[in-house]
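Novice: coordinates only, sequence not included:
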C-alpha cells in the first residue's frame with residue numbers, strides 16, 4: 001500500500017499499531033479490516049512525517065530540507081510535470097479517545113481539481129481556550145487533510161492564519177460565536193486550454209428560414225476568430241500534476257475584406273472584424289464587404305426572406321413588374337429600411353420598412369407597416385405615419401396623415417384624411433379632419449371618432465371609472481409606503497451601528513455574526529421593496545395624469561374636427577360624430593341638396609348638433 005506494506009494476515013496485531021505509510025486513508029481502511037474495528041471508531045496520532053521530492057532528471061526521491069523547501073513553493077517547480085512530491089507519515093493508529101475539552105464538528109469542502117480545500121468549523125464544536133489550543137487545532141485539521149489524502153505543511157499558509165484567528169476568538173469568548181471557514185490548503189489551478197474557432201456573428205441572427213441578406217449596424221462584430229492557446233499545468237493539494245486538455249489543430253481562415261467597410265482588430269486572444277457602416281454583409285469567396293443597396297428580380301422561396309434590416313440603412317429594389325406575377329411572393333417577409341417594389345405584393349406577404357414604394361398592387365391578405373409609404377393599388381392592410389395611395393380597393397389603411405387619390409371601397413383610420421375622388425362604400429374614421437375634393441358616390445361613412453382612431457376603450461364614464469379604481473390602489477400604496485418609511489426611519493440608527501460593526505470586522509479580518517448580517521440584509525430588502533413601492537406610486541400617478549389628458553384632449557378634438565367636401569354632396573352618405581362624453585354618436589345622412597359645404601359638431605349648451613360650415617371651393621387646386 002505504498003512505501004511500507006505494514007500489515008500481513010499472518011502478522012495480526014492488536015491496537016494500537018504504529019506504522020509508516022504514504023497514504024493514511026488507505027492505512028485506516030486496512031487496519032479496520034485486519035483488526036475488526038469499524039473505521040469510524042479509529043483515530044490516529046501523527047508522530048512524525050517527511051516530505052520527499054524528485055526533480056526532473058533525478059532517479060530517486062530526496063528528503064525535503066530547509067534549503068530545498070522554497071523550491072516547492074515556486075511556479076517553476078509546480079508546473080513542471082516531471083517533478084514529483086510525496087510524503088511518508090509515522091502514525092499510531094488506535095481506537096478513538098474522546099476529549100471532554102476538545103471536539104471539532106464540521107464538514108470538508110473540496111473543489112473539482114482538488115486545488116482548494118476548506119473545513120467549515122461549526123459553532124457547535126466544543127472548543128475551550130487553552131495555551132495549547134492552536135497546536136491541537138492544527139493537528140486535528142492536518143489529520144482531516146490526511147484522511148482525504150492531502151499533503152500537510154505544504155500549500156497551507158492560509159491554514160495557519162485562519163487557525164490563529166479562531167484562537168483569537170476563543171481567547172475572547174471561550175467559544176465560537178458562529179461557523180468559521182478554515183482554508184486548509186491551496187494548490188495551483190490549471191489554466192484551461194482554449195480551442196481555436198471562428199464565430200460568424202453576422203450569421204447568428206438568421207432565422208430557421210432562408211435569408212436573402214444579413215443586415216448589420218456600424219460597430220457590429222461580423223466575424224470573431226478565437227486564437228488557440230494551450231493551457232498550463234496545475235498541481236493539486238495531493239501534490240499531483242494536473243494536465244490541461246491538448247489543443248486541437250486549428251487552421252487560421254483566410255479572410256479578406258474591404259478596408260473602407262470593415263476594420264480588423266487583433267490582440268493575443270482573438271481577431272475581430274468590425275462593421276464600419278450600416279448595411280448588409282456581402283461575401284465573394286473569401287472577400288467580405290458591406291453594401292447598402294440591392295436589386296433583385298423577386299423575393300420568393302428561392303431567394304429567401306429579408307429580416308432585421310429596418311435599421312441598417314439598406315435599400316432593396318424589386319424589379320419584377322409583370323402584372324401577372326408577384327414581385328414579393330406569397331408568405332414571404334421583407335424587413336428593410338428602404339423598399340421599392342415595381343410589381344405586386346402577394347398573398348400573406350409581410351413588409352416592414354421606414355420608406356416604401358409599391359408600384360403594383362397589394363394582395364388583400366398582405367400586411368404592410370412603413371413609416372412613409374406609397375402604394376399604387378391597395379387591397380390589403382397598410383399601417384404607417386404618412387401614407388399615400390393611388391387607388392384604394394377594399395383595403396385597410398391606418399395612419400396619421402393619409403392621402404388617397406381614388407377610393408372605391410375600403411377603410412381608413414387616421415388623424416387627417418384627404419381623398420381626391422371618393423367613390424362608394426368607403427369608411428373613413430378621422431380624429432381631426434376629412435377632406436374630399438370630388439365626391440362621386442354614395443353609401444360612404446365619414447366618421448370623426450377618437451375611439452376608433454386612437455383606440456380609446458369605452459366611454460368617458462368608463463375612463464373615469466378606471467381612474468377612480470387607480471386612485472383607490474394609489475391611496476393604499478401611499479399608506480403602505482408612509483408606514484414603511486416610518487419603520488426605516490426608526491430602525492436606521494440601529495442598522496447604521498450594525499453596518500459599522502460589519503465594516504470594522506471586515507477590516508480586521510473577522511467574521512461578522514450571522515444574526516448581524518441577517519438583520520442588515522432584512523433591512524436592505526425592506527428598503528429596496530419600499531423603493532419599488534415608491535416607483536409603483538409614481539407609475540400610477542402618471543397613469544391617472546395620462547388618462548385625464550386623453551379625456552380632455554378627445555373632448556376638445558371632437559369639437560374642432562371637420563368633414564369637408566369641395567364638391568356638392570351626393571345623397572345617402574353618412575356623417576357621424578362619435579362622442580366620448582356623453583357616449584353618443586350624432587348622425588347626419590346627406591340628402592344631396594347640401595351643395596358644397598362642410599360639417600362640424602356644435603355644443604348648444606343643453607344639446608349637441610351637427611352643423612354645416614362654409615368652405616372655399618378649391619376643387620381646381
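Specialist: Cool, the structure landed. What you see is a predicted model, and the numbers here were worked out from it, not measured in a lab.

Novice: any idea how this protein splits into domains?
Specialist: 1-97, 197-290 (automatic domain parsing).

Novice: Those domains: lowest mean pLDDT?
Specialist: In terms of average pLDDT, domain 1-97 trails the rest of the domains of the chain, at a mean of 85.

Novice: Dihedrals phi and psi, residue 508?
Specialist: phi -90, psi 0 (degrees, to the nearest 10).

Novice: Skip the chain neighbours and tell me the closest residue to the residue nearest the centre of the chain.
Specialist: In the chain, the centroid-proximal residue (Cα atoms, centre = their mean) is residue 205; its distance is 16.0 Å. Excluding the flanking residues, the one nearest residue 205 by Cβ to Cβ, 6 or more residues apart in numbering is residue 308, at 6.0 Å. Where C-beta positions appear, they are placed from N, C-alpha and C, glycine not excepted.

Novice: which residues in the chain form helices?
Specialist: 24-35, 75-79, 133-147, 157-173, 201-204, 450-454, 460-508, 514-560 (DSSP state H).

Novice: can I get the ones you listed in CSV with distance to residue 341 and mean neighbour count?
Specialist: As requested, the helices of the chain are arranged in CSV below (distance: least, Cβ to Cβ, whole Å; neighbours: other Cβ atoms under 10 Å):
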stretch, distance to residue 341, mean neighbour count
helix 24-35, 78, 18
helix 75-79, 66, 14
helix 133-147, 76, 18
helix 157-173, 71, 16
helix 201-204, 26, 15
helix 450-454, 28, 19
helix 460-508, 41, 13
helix 514-560, 35, 14
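
Novice: Columns distance to residue 392 on top of these, output as a markdown table?
Specialist: Listed next are those as a markdown table, based on distance: least, Cβ to Cβ, whole Å:
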| stretch | distance to residue 392 |
| --- | --- |
| helix 24-35 | 87 |
| helix 75-79 | 78 |
| helix 133-147 | 85 |
| helix 157-173 | 80 |
| helix 201-204 | 40 |
| helix 450-454 | 17 |
| helix 460-508 | 32 |
| helix 514-560 | 25 |
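
Novice: Ok, which of these comes nearest residue 387?
Specialist: helix 450-454 (13.7 Å; Cβ to Cβ).

Novice: Check which helices and strands that closest one is in contact with.
Specialist: Taking 3 or more Cβ pairs under 8 Å, 6 or more residues apart in numbering; DSSP states H and E as contact, the helices and strands that helix 450-454 lies on are strand 410-422, strand 426-439, helix 514-560, strand 574-578.

Novice: In a markdown table, list the ones you listed along with mean pLDDT.
Specialist: Below are the helices and strands packed on helix 450-454 laid out as a markdown table (pLDDT from 0 to 100):
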| stretch | mean pLDDT |
| --- | --- |
| strand 410-422 | 97 |
| strand 426-439 | 96 |
| helix 514-560 | 85 |
| strand 574-578 | 95 |
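
Novice: Which among the ones you listed is found nearest to residue 448?
Specialist: Once the helices and strands packed on helix 450-454 are compared by Cβ to Cβ, strand 574-578 is nearest, at 4.9 Å.

Novice: follow-up on the earlier one: dump the helices and strands packed on helix 450-454 into TSV; add distance to residue 193 as well.
Specialist: Rendered in TSV, the data for those read as follows (distance: least, Cβ to Cβ, whole Å):
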stretch	distance to residue 193
strand 410-422	62
strand 426-439	65
helix 514-560	40
strand 574-578	71
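
Novice: For residue 25, which of those is the nearest?
Specialist: So among the helices and strands packed on helix 450-454, helix 514-560 is nearest, using Cβ to Cβ, at 32.8 Å.

Novice: I'd like to check the angle between that closest one and helix 460-508, please.
Specialist: Counting by axes from the mean of the first three to the mean of the last three Cα atoms, to 10 degrees, helix 514-560 points 150 degrees away from the direction of helix 460-508.

Novice: And helix 514-560, what does it pack against?
Specialist: strand 426-439, helix 450-454, helix 460-508, strand 598-603.

Novice: closest to residue 242 out of the ones you listed?
Specialist: The nearest among the helices and strands packed on helix 514-560, by Cβ to Cβ, is helix 460-508 at 32.9 Å.

Novice: now for the closest one, which elements pack on it?
Specialist: Helix 460-508 packs on helix 514-560, going by 3+ Cβ pairs under 8 Å, 6+ apart.

Novice: and the angle from the helix it packs on to strand 598-603?
Specialist: Going by the same axes, to 10 degrees, helix 514-560 makes 120 degrees with strand 598-603.

Novice: What is the burial count for residue 155?
Specialist: For residue 155, the neighbour count with other Cβ atoms under 10 Å is 25.

Novice: For it, list the residues it contacts.
Specialist: Contacts for residue 155 were tallied using Cβ atoms under 8 Å, 6 or more residues apart in numbering; they are 185-187, 237.

Novice: biggest separation within these, which pair?
Specialist: 186 and 237 (7.6 Å).

Novice: These two: which has the busier surroundings?
Specialist: Between residue 186 and residue 237, residue 237 has the larger neighbour count (other Cβ under 10 Å), namely 26 against 16.

Novice: related to what we said a few turns ago, ok, of the contacts of residue 155, which one's closest to residue 512?
Specialist: The closest of the contacts of residue 155 to residue 512 turns out to be residue 186 (Cβ to Cβ; 23.7 Å).

Novice: just to revisit the earlier point, go through the helices and strands packed on helix 450-454 and name the closest to residue 151.
Specialist: The nearest among the helices and strands packed on helix 450-454, by Cβ to Cβ, is helix 514-560 at 32.4 Å.

Novice: thinking again about what came up before, what number of residues are in the vicinity of the residue nearest to residue 205?
Specialist: Neighbour number of residue 308 under other Cβ under 10 Å is 21.

Novice: ok, it to residue 204 distance?
Specialist: 11 Å (Cβ to Cβ, to the nearest Å).

Novice: what residues are shared contacts of the two?
Specialist: What both residue 308 and residue 204 touch, as defined by Cβ under 8 Å, 6+ apart, is an empty set.

Novice: picking that back up, so what's in contact with residue 186 and residue 237 at the same time?
Specialist: 115-116, 155.

Novice: Isn't residue 574 up against residue 427?
Specialist: No: taking contacts as Cβ atoms under 8 Å, residue 574 lies outside contact range of residue 427: 9.4 Å.

Novice: Near residue 573, how many other residues are there?
Specialist: Quick note: residue 573 (other Cβ under 10 Å) scores 25 neighbours.

Novice: do you know how far it is from residue 596?
Specialist: 14 Å.

Novice: Ok, which of the helices and strands packed on helix 450-454 comes nearest residue 317?
Specialist: strand 410-422 (27.5 Å).

Novice: Buried ones in the closest one, by neighbour count?
Specialist: 410-422 (16 or more other Cβ atoms under 10 Å).

Novice: thinking again about what came up before, can the helices and strands packed on helix 514-560 go into JSON lines with extra columns for distance to residue 85?
Specialist: Formatted as JSON lines, the helices and strands packed on helix 514-560 follow (distance: least, Cβ to Cβ, whole Å):
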{"stretch": "strand 426-439", "distance to residue 85": "84"}
{"stretch": "helix 450-454", "distance to residue 85": "79"}
{"stretch": "helix 460-508", "distance to residue 85": "35"}
{"stretch": "strand 598-603", "distance to residue 85": "96"}
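
Novice: among the ones you listed, which is nearest residue 256?
Specialist: helix 450-454 (53.9 Å).

Novice: of all the buried residues of strand 410-422, which two lie farthest apart?
Specialist: Farthest pair in these, by Cβ to Cβ: 415 and 421, 21.4 Å.

Novice: ok now stretch 125-143, how far from the chain's centre?
Specialist: Relative to the centre of its chain, stretch 125-143 is centred 49 Å away, using Cα atoms, centre = their mean, to the nearest Å.
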